[in-house]
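J.: Build me a model:
(chains A, B, C and D)
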2 protein chains.
Amino acid sequence: MEQTIRETLKDYNLRSTSCREDILGTFLNKGVALSHGDIEDSLGERFDRVTIYRTLKTFLEKGLIHKVLDDEGVRYALCKDHCSEKDHHHDHIHFKCTECGQTNCLANVHIPAVQLPDGYFANEVNLLIQGRCPACT
Amino acid sequence: MEQTIRETLKDYNLRSTSCREDILGTFLNKGVALSHGDIEDSLGERFDRVTIYRTLKTFLEKGLIHKVLDDEGVRYALCKDHCSEKDHHHDHIHFKCTECGQTNCLANVHIPAVQLPDGYFANEVNLLIQGRCPACT
DNA sequence: TTATTGATGCAACAGCGTTGCAAGAGATAA
DNA sequence: TTATCTCTTGCAACGCTGTTGCATCAATAA
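T.: Take a look at the predicted model:
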């Protein structure tokens, strides 16, 4: 695990620092989409607020994580596919449970094609479904 | 128009004030989703920041407008159907043009049904498509 | 016209996210 | 291992967004 994290960082051309290792580890551990606040809570006072912001920004740019839009703000989740700086490709669904509040990616559910009116061209599709997850049913 | 605005406010059990009339008028005029900042810019210094926030909150609660999620924050758009405090019903699509930055509702495009994994129950569906609008093609 | 209820403006505040800068730690090569 | 360079971090400060309390003012109904 420890090793995997370091290798992952290396794969993405990122230096291994304890902050990056801990944040990446948190994502792997929790397995759900996390907000900046979630990460701050989870890591305690170990790192500066600013450092966490910058780390998330770096991960985002390198394609390690992607944004997840939510009715209450922005969260981040690991990219399952290997994304890169240039090429984020996500057509999976984000599911937010209104009971437990957790948001995660439904990797195997693809977004059905949508018929847009004339003149509209789709580039990126973002689908958020809110409801109840299996754990809360 | 002037009259329509006042009647609409009355329909929603809202007092007619110049702030509410102007904000509702702005939505009708622009016809696209607006952020708090857009409205502030559009109305100038005529009303206090706080008043605009409170007006948007009131409109939201009464079902006059609904939230539109965006990668850069929250916007608001008029509800086409007659929504109420209890019952916001929206299964239309939000389209954001990456050229001009405008976001609007595609009222006539319905979201196709999505087959969720076992145990998941959908309650509300939110679909944002980013791309190019007819004006920017 | 007046009384009542609700809306507004002002001041203050909390939280989120960013920037500049100096100090510190990781990677690389000798 | 050490020296060097480059990138990362922590700190302080700031701007922006959104909220709250309170006194004042305006819209409605009688």
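J.: Can you name every helix or strand that the longest strand along chain A contacts?
T.: Assignment by DSSP state E gives strand A:121-132 as the longest strand of chain A. For strand A:121-132, the elements it packs on are strand A:65-70, strand A:92-97, strand B:121-132, judged by 3 or more C-beta pairs under 8 Å, 6 or more residues apart in numbering or on different chains; DSSP states H and E. To be clear about C-beta, it is placed using only N, CA and C from the backbone, and glycine gets the same treatment.
J.: Briefly note if the helix or strand residue A:38 falls within comes near DNA strand C.
T.: Element membership for residue A:38, per DSSP states H and E: helix A:36-43. Yes - using C-beta under 7 Å from any atom of the strand, we find that helix A:36-43 touches DNA strand C at A:36, A:37.
J.: For that helix, give the mean pLDDT please.
T.: For helix A:36-43, mean pLDDT is 94.
J.: what residues does that helix touch?
T.: Here helix A:36-43 makes contact (C-beta atoms under 8 Å, 6 or more residues apart in numbering or on different chains) with A:22, A:23, A:26, A:30, A:34, A:49, A:52, A:53, A:56, A:75.
J.: if we can go back for a sec, out of the helices and strands packed on strand A:121-132, which one sits most buried?
T.: Mean neighbours per residue, mean count of other C-beta atoms under 10 Å in any protein chain shown, is largest over these for strand A:92-97, with a mean of 23.
J.: mind listing what the residue lying farthest from the centre of chain A touches?
T.: The outermost residue of chain A relative to its centre, with distances by C-alpha atoms, centre = their mean, is residue A:118 at 32.7 Å. Residue A:118 makes contact with residue B:134, according to C-beta under 8 Å, 6+ apart.
J.: got the end-to-end distance for stretch A:105-124?
T.: Using C-alpha to C-alpha, to the nearest Å, the end-to-end distance of stretch A:105-124 comes out at 16 Å.
J.: Kindly apply the preceding question to stretch A:115-127 instead.
T.: OK, stretch A:115-127 end separation, C-alpha to C-alpha: 15 Å.
J.: How far does that stretch sit from its chain's centre?
T.: When C-alpha coordinates are averaged (C-alpha atoms, centre = their mean, to the nearest Å), stretch A:115-127 and its chain have centres 23 Å apart.
J.: quick one on the thing from earlier: roughly how far out does the longest strand of chain A sit from the chain middle?
T.: On C-alpha atoms, centre = their mean, the centre of strand A:121-132 falls 14 Å from that of its chain.
J.: Can you give the contact residues for that strand?
T.: In contact with strand A:121-132 (C-beta under 8 Å, 6+ apart) are residues A:68-71, A:90-91, A:93-99, A:111, A:114, A:116, B:69, B:71, B:98, B:114, B:116, B:120-132, B:137.
J.: in chain A, which residue is closest to the centre?
T.: residue A:77 (1.3 Å).
J.: sec struct for the residue farthest from the centre of chain A, please.
T.: coil (DSSP: H, G, I helix; E, B strand; the rest coil).
J.: Contacting DNA strand C as well, which ones from the contacts of strand A:121-132?
T.: Answer for the contacts of strand A:121-132 near DNA strand C: none qualify (C-beta under 7 Å from any atom of the strand).
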